[in-house]
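Visitor: mind looking at a prediction? Sequence and model below.
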Amino acid sequence: MPGGRLTPQERQQIALGLADGLAYAEIARRLDRPTSTVTREVMRNGGPTAYRADAAQRATGHRAQRRHQPTAPRDPQAATAPEQPYGRDAAEVRAYEETFTGVLMSSGMNRMSAQVLGRLMLSDAEGVTAAELVQHLGVSPASVSKAVAFLEEQGLVRRERDERRRDRYFVDSDVWYESTMASARANTRLAETAREGVGVFGAGTPAAVRLENVARFLDFISETITRAAEQARDILHVQPPTSTQEGEGN
């Protein structure tokens with residue numbers, strides 16, 4: 001894996017990747033660089049919507065010059081607020097969020113919806129407002145509204161009004177159960193359709209044998225997924241230990 005500073009050519013590839021809507025993880029893979037490297041590069045140079053390769057190259061040169069200039073000693077008493085709770089590394093969190101978004105996109109979800117769902121999944125807060133989504137993702141309110149509408153239609157998120165009459169969006173624990181069951185039902189429908197083809201093409205013919213094998217395979221997969229999802233559903237509702245429980249375990 002290459003190390004050192006990004007080259008102008010690599011910055012051009014990052015800009016092209018962003019223009020194509022690629023996730024940071026995919027851009028990093030194409031460059032054979034860590035995802036965190038690409039994430040930091042983009043976020044310190046305007047973000048995904050404003051990143052420009054030539055401007056990023058110039059900014060890097062300016063930063064390098066400043067590092068070689070003498071600076072006043074820092075006040076050891078000066079404190080800065082942490083960017084992330086629980087002592088998390090901001091760059092690692094951002095990189096993971098992009099990786100999570102990329103996985104959602106690979107399943108067929110558009111980038112904006114994947115970003116919104118990823119933010120809701122990875123937030124510690126009890127629900128996230130549209131304004132908070134706009135600020136975190138650096139996109140327009142209209143983009144967030146459209147993505148939320150799609151996710152609600154798919155049953156992936158729900159909304160509630162808080163005490164200030166603001167809509168807050170949540171990811172239900174059962175989202176993954178329902179998604180898994182929907183996949184199982186889709187397999188069942190495909191198996192039924194394949195089996196109908198056996199009669200059309202004639203039992204024992206090459207096409208019919210292929211269709212029957214596919215139907216049997218999908219039947220087995222669907223039944224297995226359904227049984228496993230039902231057995232594991234309660235896992236989605238496990239609650240974190242309370243402070244009292246944690247104290248008793250010490």
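Guide: Right, received. Where do you want to start?
Visitor: so residue 231 lies in a strand, does it not?
Guide: No. Counting by DSSP: H, G, I helix; E, B strand; the rest coil, residue 231 falls outside a strand, being helix.
Visitor: residue contacts, the spatially most central residue of the chain?
Guide: The chain has residue 101 as the residue nearest its centroid, 2.1 Å off, counting by CA atoms, centre = their mean. When contacts are counted by CB atoms under 8 Å, 6 or more residues apart in numbering, residue 101 touches 23, 111, 114, 115, 118. Placement of C-beta: from N, CA and C, glycine included.
Visitor: please apply the same query to residue 177.
Guide: 229, 233, 236.
Visitor: what's it sitting at in phi/psi?
Guide: Torsion angles at residue 177 (phi, psi; degrees, to the nearest 10) stand at phi -60, psi -50.
Visitor: now residue 174
Guide: phi -80, psi 0.
Visitor: which of the contacts of residue 101 are buried, as a PyMOL select command?
Guide: To isolate the buried subset of the contacts of residue 101 in PyMOL, counting by 16 or more other CB atoms under 10 Å, use the following:
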select buried, resi 23+111+114+115+118
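Visitor: turn the contacts of residue 101 into CSV, columns for pLDDT.
Guide: Putting the contacts of residue 101 into CSV (pLDDT from 0 to 100) gives the following:
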residue, pLDDT
23, 85
111, 88
114, 90
115, 91
118, 90
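Visitor: on that earlier part again, so which helix or strand takes in the residue nearest to the centre of the chain?
Guide: helix 90-106 (DSSP states H and E).
Visitor: can you list the residues that contact the helix or strand immediately after that helix in the chain?
Guide: The C-terminal neighbour of helix 90-106 among helices and strands, as given by DSSP H and E, is helix 111-122. Identification of contacts with helix 111-122 by CB under 8 Å, 6+ apart yields 21, 23, 93, 96-97, 100-102, 104-105, 109, 128, 133, 136-137, 139, 143-144, 146-148, 150-151, 156-157, 169-171.
Visitor: can you give the distance from helix 111-122 to the centre of its chain?
Guide: 6 Å (CA atoms, centre = their mean, to the nearest Å).
Visitor: name the next helix or strand downstream of it, please.
Guide: Criterion used, DSSP H and E; the element after helix 111-122 is strand 128-129.
Visitor: now for the helix or strand just after that following strand, which elements pack on it?
Guide: Going down the chain from strand 128-129, the next helix or strand is helix 130-137, by DSSP H and E. Contact here means 3 or more CB pairs under 8 Å, 6 or more residues apart in numbering; DSSP states H and E; on that basis helix 130-137 packs against helix 111-122, helix 141-153, strand 167-170.
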